[in-house]
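Novice: following is a predicted model, sequence given first.
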Amino acid sequence: MGQKILILGGVGQVGQSVAKDLLCFHSGQITLTGRNNFYDLQLLTHPAIDFLRLDLADFEALSQAIATHDLIIHCAGAFHHRDGSVLKACIAAQKDYIDVSDHRCLYEKIKSLKPQVATAGITAICNAGVFPGISNSMVRLGVEQLDQPEQIELYYGVAGSGGAGQTVMTTTFLGLTQPFTVWQGGQWVKKQPYSEPQQIQFAEPIGRANVYWFDVAETFTFAESFPVQTVITKFGSVPDMYNHLTRAMTLLPFGLLKNRRVINALSKISYGMTQVSDRLTGVGVAMRAIITGTKDGQPMQVQVNFVHDYTAIAAGQGVGMVAELLLTQRITQKGLYPIEQVIPSNLFLDMAKKRNLTINLTRQSPVQEFTPKT
């Protein structure tokens with residue numbers, strides 16, 4: 001029998017996208033889990049797909065499921081509510097682990113497990129997907145073009161829902177609940193979510209879009225991974241009215257945004273709106289990484305661009321790349337890492353090419369005298 005892969009939260013849009021990527025590029029048996037019955041007949045009738053009804057709160061059942069698989073892929077958001085129990089079960093069972101957490105909260109909770117992960121002899125990779133995930137590898141690729149990187153700018157534009165489910169909306173609203181710290185001028189400073197709008201010209205289908213400060217996982221891990229003084233991460237939606245509506249949510253009383261029932265209601269309403277607008281805007285994603293620093297003693301700026309017409313599929317492909325590298329043992333480094341610390345750029349580009357993903361890199365030298373942005 002081939003390797004066995006467990007996708008927790010596999011019935012969600014991103015989980016299904018991961019499964020479809022694995023079906024294309026790796027042989028093995030895949031188990032999708034969810035709290036409710038799964039009715040996607042196209043996937044369920046595939047001989048390599050199984051379904052397991054599973055609630056992650058049932059730690060005994062979770063541990064049993066993990067013990068019978070070779071690789072665990074954690075797609076069960078929203079990750080603000082996760083406590084690291086999945087990784088703890090993987091450590092106990094000595095199973096490799098990937099998660100698709102798109103916020104710093106889970107990585108902050110599980111960083112303390114690094115020694116246990118290494119002792120267990122497993123590889124645990126955090127923040128896989130499109131952003132974070134592909135975005136992290138784009139930045140690493142850009143950083144490697146310079147002798148001394150000084151500033152990272154990373155901008156994301158997404159059309160409508162991105163083709164993802166309601167959980168993504170929940171994550172967005174949970175990210176508005178409080179200020180977050182960013183690496184600016186070599187120190188941590190606080191920023192308000194959805195503040196300081198900036199206009200970015202992305203590739204089509206996104207085009208020109210407004211972006212805003214947003215707390216994504218890369219905001220936190222890049223300062224740990226690269227010797228830079230400043231990290232900027234800003235996100236925006238198309239159409240722009242979604243940005244204004246989301247920004248307005250930051251004005252709600254703090255208690256409301258901490259209330260799960262309120263968050264769920266807002267997520268449901270927003271998801272319903274995107275089901276209408278997606279027909280007009282599409283569900284694509286574009287990302288632009290700009291890394292400024294020096295090369296051979298001269299100022300240089302490197303830009304790395306990526307575009308995909310379906311965000312949820314791109315997320316599945318981003319996870320699939322990492323899973324394939326682990327399953328084929330092209331990555332064997334033991335320990336707990338965010339994407340950019342463990343995947344070499346040559347392997348990232350190989351996996352992207354295999355999936356017909358285009359990564360565009362340009363260099364501009366000399367550039368005007370470097371001035372850190374805020």
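Specialist: Good, I have the coordinates. Numbering: from 1, shown residues only.

Novice: which helix or strand contains residue 320?
Specialist: Per DSSP states H and E: residue 320 is located in helix 311-327.

Novice: need the residues that contact whichever helix or strand comes after that helix.
Specialist: Later in the chain than helix 311-327, the nearest helix or strand by DSSP H and E is strand 335-338. With contact meaning C-beta atoms under 8 Å, 6 or more residues apart in numbering, strand 335-338 is reached by 87, 107, 110-111, 113-114, 117-118, 123-127, 132, 136, 217, 221, 224-225, 342. Using the backbone N, CA and C atoms, a C-beta is placed for each residue, glycine as well.

Novice: out of those, list just those in helices.
Specialist: Counting by DSSP state H, the part of the contacts of strand 335-338 found in helices is 87, 107, 110, 114, 117, 118, 136, 217, 221, 224, 225, 342.

Novice: now the residues you listed in CSV, with distance to residue 101 and pLDDT?
Specialist: Listed next are those as CSV, based on distance: C-beta to C-beta, whole Å; pLDDT from 0 to 100:
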residue, distance to residue 101, pLDDT
87, 11, 97
107, 7, 92
110, 9, 95
114, 16, 97
117, 15, 98
118, 20, 97
136, 12, 98
217, 6, 91
221, 11, 96
224, 15, 95
225, 16, 97
342, 15, 98
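
Novice: from these, which single one is nearest residue 26?
Specialist: Relative to residue 26, the closest of those is residue 342; by C-beta to C-beta it sits at 18.6 Å.

Novice: re the thing from before, emit the PyMOL select command for whichever of the ones in helices among the contacts of strand 335-338 are buried.
Specialist: Buried residues among the ones in helices among the contacts of strand 335-338 (16 or more other C-beta atoms under 10 Å), as a PyMOL selection:
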select buried, resi 87+107+110+117+118+136+217+221+225+342
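
Novice: in TSV: the ones in helices among the contacts of strand 335-338, plus distance to residue 335.
Specialist: What follows is these, written out as TSV (distance: C-beta to C-beta, whole Å):
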residue	distance to residue 335
87	12
107	14
110	12
114	6
117	6
118	5
136	16
217	17
221	14
224	14
225	14
342	8
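
Novice: nearest to residue 243, of the ones in helices among the contacts of strand 335-338?
Specialist: Closest to residue 243, out of all of the ones in helices among the contacts of strand 335-338 and judged by C-beta to C-beta, is residue 217, at 20.6 Å.

Novice: what is the end-to-end distance of stretch 321-337?
Specialist: 15 Å (C-alpha to C-alpha, to the nearest Å).

Novice: now it: buried residues?
Specialist: Burial within stretch 321-337, assessed by neighbour count using 16+ other C-beta under 10 Å, is assigned to 321, 322, 323, 324, 325, 326, 327, 331, 335, 336, 337.

Novice: neighbouring strands for the helix or strand residue 307 falls within, and are they parallel or not?
Specialist: Using DSSP H and E, residue 307 falls within strand 298-308. If you go by DSSP bridges, strand 298-308 pairs up with strand 285-295 (antiparallel), strand 359-364 (antiparallel).

Novice: residues in contact with the shortest one: which ones?
Specialist: It refers to strand 359-364. When contacts are defined by C-beta under 8 Å, 6+ apart, strand 359-364 is touched by residues 138, 141-142, 145, 300-306, 349, 352.

Novice: and the furthest pair within those residues?
Specialist: The two members of the contacts of strand 359-364 with the most space between them (C-beta to C-beta) are 300 and 352, at 23.3 Å.

Novice: more neighbours: which of the two?
Specialist: A direct count of neighbours by other C-beta atoms under 10 Å for residue 300 and residue 352 places residue 300 higher, at 22 against 19.

Novice: any chance of the strands paired with strand 298-308 in CSV, plus distance to residue 65 and mean neighbour count?
Specialist: Supplementary listing: these in CSV, determined by distance: least, C-beta to C-beta, whole Å; neighbours: other C-beta atoms under 10 Å:
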stretch, distance to residue 65, mean neighbour count
strand 285-295, 31, 24
strand 359-364, 35, 14
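
Novice: select, out of the ones you listed, the one closest to residue 159.
Specialist: Nearest to residue 159, of all those, is strand 285-295, at 7.4 Å by C-beta to C-beta.

Novice: between helix 311-327 and that closest one, find me the angle.
Specialist: Strand 285-295 runs at 60 degrees relative to helix 311-327, counting by axes from the mean of the first three to the mean of the last three C-alpha atoms, to 10 degrees.

Novice: model confidence over strand 285-295, on average?
Specialist: When pLDDT is averaged along strand 285-295, the result is 97.

Novice: can you check stretch 353-363 too?
Specialist: Stretch 353-363 comes out at a mean pLDDT of 96.
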